[in-house]
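In: Just need the structure, nothing else, for what follows:
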Amino acid sequence: MREIKGGITAPLGFLAAGMHVGIKKPPLLDLALVVSVREGPIAGVFTRNRVAAAPVLLDRRRLQRGTGGAILINSGNANACTGARGLADAEELAALAAGHLGTDPRAVFVGSTGVIGQPLPMPCLRRGIPALVKRLRPGGGREAARAILTTDTRTKEVALSARIGGRLVTVGGMAKGSGMIHPDMATMLAYLTTDVAIQQRTLQRALVGAVNPSFNCISVDGDTSTNDSVLCLANGMAGNPVVRAGSVAAAAFQHLLGEACRVLAMQVCRDGEGATKLVQVDVVGARTQTAARLVAKTVATSILVKAALFGEDANWGRIMAAIGRSGVPVDPTRIRLSCEGIPIVKAGVGLGHSAERRLARIMQRREFAVTIDLGQGSGRARLWTTDLSYDYVKINASYRS
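Out: Numbers count the residues shown, from 1 in each chain. Reported below is the predicted structural model:
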C-alpha cells in the first residue's frame with residue numbers, strides 16, 4: 001500500500017469540481033460534485049440520529065438500488081428539519097445534476113452540511129449546477145474537498161493504492177468534519193471512490209468494517225449530526241477480477257479501504273473545532289469489547305477530562321471518575337492508568353507527585369496516548385478524542401452568524 005496524490009479523483013475514471021454558487025458568502029466554495037465515468041456499486045453508512053436530514057433520507061432509499069454514478073454535496077445549509085419541501089429539494093438537485101450529466105437521477109446521491117432548519121436556496125443552486133458540471137475534471141478533487149467544508153480549517157483528503165488481484169487498485173476520499181463529531185456511525189460527511197471491481201454487498205460489508213474502527217472511534221464534542229453520511233462509489237475500472245466476500249482480495253481491499261478511512265478520521269479529529277490536543281484513549285483488560293468501548297467512550301466525551309486536557313492539568317482523578325460512571329462494573333483496586341507508558345495510577349491509587357509531574361510534561365504535547373487497564377479480562381477498545389478549548393465555545397456560540 002502506498003499513499004499517492006489526487007484525493008477523491010485519484011482512482012481511474014473519476015471527475016470532480018467545486019464552486020461558489022451563493023449559499024455561503026463569496027468567495028467560499030459551497031457546491032461540490034463527484035462523478036464516475038461509469039456507474040458501479042455504491043455503499044453507504046448513515047447517521048443514527050432520528051432527526052435525519054433530507055439527503056440522508058433520499059440516499060438511504062437510493063442505496064437499495066445498489067448502484068451510483070455521482071454525488072452532489074452542498075455546504076452552508078444542512079437541509080435538515082425542512083419537511084416535505086426539503087426532500088423535494090434534494091430530489092430536484094439530483095434530477096438537475098442527472099439532466100446535465102445525461103444519467104439516471106436514481107444514480108445521483110446528495111449530501112448537505114451546514115445550518116439546520118433553513119430551506120435550501122434553490123434559485124442559486126439551479127443556476128450553479130450547469131456551471132459545476134462544466135467544471136468537472138480529473139484534477140478537481142481538491143476544489144471539491146474545499147466546497148464541502150463548514151467550520152473546518154483545512155481540507156481532508158486521502159488517496160492510497162495497492163495491488164489486488166494482480167491489478168493496481170486505488171481508493172480516494174475526502175471528508176468534512178470539525179464539530180458535531182462523536183462515534184455513532186460516521187459523525188461527519190465522508191466520500192470515498194475506488195476503481196476496484198467488487199460486488200455491491202462486499203463493498204457494503206467492507207465500508208461498515210472500515211467505518212467502525214475509524215470514524216466510529218473519534219469524538220470532538222459528543223454530538224452526532226442529522227446529516228452524517230459515508231458513501232463509497234466503485235466503478236471497476238482497475239480491471240481486477242471481481243472482489244467477492246471471503247476472498248483474499250476482499251481482505252486486501254478491506255485493509256486498503258480501512259486505512260483510507262483511518263487517515264480521514266484522524267484528519268477530522270486533528271481539525272476538531274478549537275482543538276489543541278489529539279489524545280488516543282486505549283482501554284484494555286475489560287471483560288468484553290463492548291465494556292471496553294463504553295469506558296473509552298465515557299472518558300473520551302467527559303467535559304471535565306477534555307477541559308483538563310486543554311489546561312494541561314495532570315488531574316487523573318477526572319479519568320477515574322469517568323470510568324466509575326461509565327455503567328461498566330469495575331473494581332477500582334484493579335485499575336491502572338498510564339500515559340505514553342508512564343504509570344500514573346496503580347490499584348486505583350495515584351503514584352504521587354513525581355508521576356503527576358511527568359504526566360503534566362506529556363500533556364504539553366500536541367498528541368499523546370492514555371491507557372486504562374481495568375484488570376478484568378481481554379476486552380479492549382481504542383478511541384481518539386480532543387480537548388475542549390475556549391475557541392470551541394466561541395465557534396459554536398455564534399455559528400449561525
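In: Relative to the whole chain's centre, how far out is the helix ranked longest in the chain?
Out: As assigned by DSSP state H, the longest helix anywhere in the chain is helix 248-270. Put simply, helix 248-270 sits 11 Å off its chain's centre (CA atoms, centre = their mean, to the nearest Å).
In: I'd like the average pLDDT over it.
Out: Helix 248-270 shows a mean pLDDT of 94.
In: Show me what the following helix or strand past that helix is packed up against.
Out: Downstream of helix 248-270, the first helix or strand assigned by DSSP states H and E is strand 278-286. Helices and strands touching strand 278-286, as assessed by 3 or more CB pairs under 8 Å, 6 or more residues apart in numbering; DSSP states H and E, comprise helix 248-270, helix 289-301, strand 367-373, strand 379-386. Just so you know, the C-beta spots here come from the backbone N, C-alpha and C atoms, and that holds for glycine as well.
In: Output the below-cut-off pLDDT ranges for the stretch 51-200 of the chain.
Out: 178-187 (pLDDT under 70).
In: for it, what spans make up the helices?
Out: 54-63, 83-101, 122-134, 141-147, 200-211 (DSSP state H, counting those that start in this stretch).
In: show me what contacts Leu233?
Out: Residues in contact with Leu233 (CB atoms under 8 Å, 6 or more residues apart in numbering) are 34, 36, 40-42, 68-69, 71, 191-194.
In: now, among those, which is nearest to Glu367?
Out: Distance to Glu367 across the contacts of Leu233 (CB to CB) is lowest for Leu192, with 24.8 Å.
In: list the contacts for Arg62?
Out: Residues near Arg62 by CB under 8 Å, 6+ apart: 68, 106, 109.
In: So how do I select the buried members of those residues in ChimeraX?
Out: Of the contacts of Arg62, the buried ones can be selected in ChimeraX as follows, counting by 16 or more other CB atoms under 10 Å:
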select :68,109
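In: out of the contacts of Arg62, which are inside strands?
Out: 68, 109 (DSSP state E).
In: Kindly indicate which of the contacts of Arg62 lies nearest Thr153.
Out: Phe109 (26.6 Å).
In: Report the beta-bridge partner residues of the closest one.
Out: Ile71 (DSSP bridges).
In: pretty sure it contacts Arg65?
Out: No. The criterion here is CB atoms under 8 Å, and Phe109 misses it with Arg65 at 10.4 Å.
In: Against which helices or strands is the longest helix of the chain packed?
Out: strand 156-164, strand 167-176, strand 189-194, helix 200-211, strand 218-219, strand 278-286, strand 379-386.
In: Quick check: which of those is buried the most?
Out: Across the helices and strands packed on helix 248-270, averaging neighbours per residue (mean count of other CB atoms under 10 Å) puts strand 189-194 on top, at a mean of 29.
In: Mind listing residues that contact it?
Out: Contacts with strand 189-194, where a contact means CB under 8 Å, 6+ apart, come from 8-11, 14, 34, 36, 71, 73, 111, 113, 148, 169-177, 207, 215, 227-235, 238, 253, 257, 260-261, 264.
In: same check, this time on stretch 37-46
Out: Here stretch 37-46 makes contact (CB under 8 Å, 6+ apart) with 13-15, 52, 56, 59-60, 63, 66-69, 103, 107, 109, 185-186, 198-200, 203-204, 206-208, 211, 228-237.
In: Swap in 6 Å and give it another go.
Out: Identification of contacts with stretch 37-46 by CB atoms under 6 Å, 6 or more residues apart in numbering yields 13, 56, 59-60, 63, 67-69, 107, 185-186, 200, 203-204, 207, 211, 229-236.
In: Let me have the contacts of Arg62 in TSV, adding distance to Gly348 as columns.
Out: Output for these, formatted as TSV (distance: CB to CB, whole Å):
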residue	distance to Gly348
Gly68	52
Arg106	58
Phe109	50
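In: Which of the contacts of Arg62 sits closest to Ala322?
Out: Scanning those for proximity to Ala322, where the rule is CB to CB, the winner is Phe109, at 38.3 Å.
In: where's the closest one relative to Ala314, distance?
Out: Using CB to CB, to the nearest Å, Phe109 is found at 47 Å from Ala314.
In: do Ala245 as well
Out: From Ala245 to Ala314 the distance is 48 Å (CB to CB).
In: okay, those two: which has more neighbours?
Out: Legend: neighbour count by other CB atoms under 10 Å for Ala245 and Ala314, higher for Ala314 (20 against 13).
In: Please name the residues that touch that one.
Out: Neighbour list for Ala314: 356, 359-360 [criterion: CB under 6 Å, 6+ apart].
In: Neighbour-wise, give me the winner out of the residues you listed.
Out: Ranked by the number of neighbours (other CB under 10 Å), the contacts of Ala314 place Leu359 first, at 25 neighbours.
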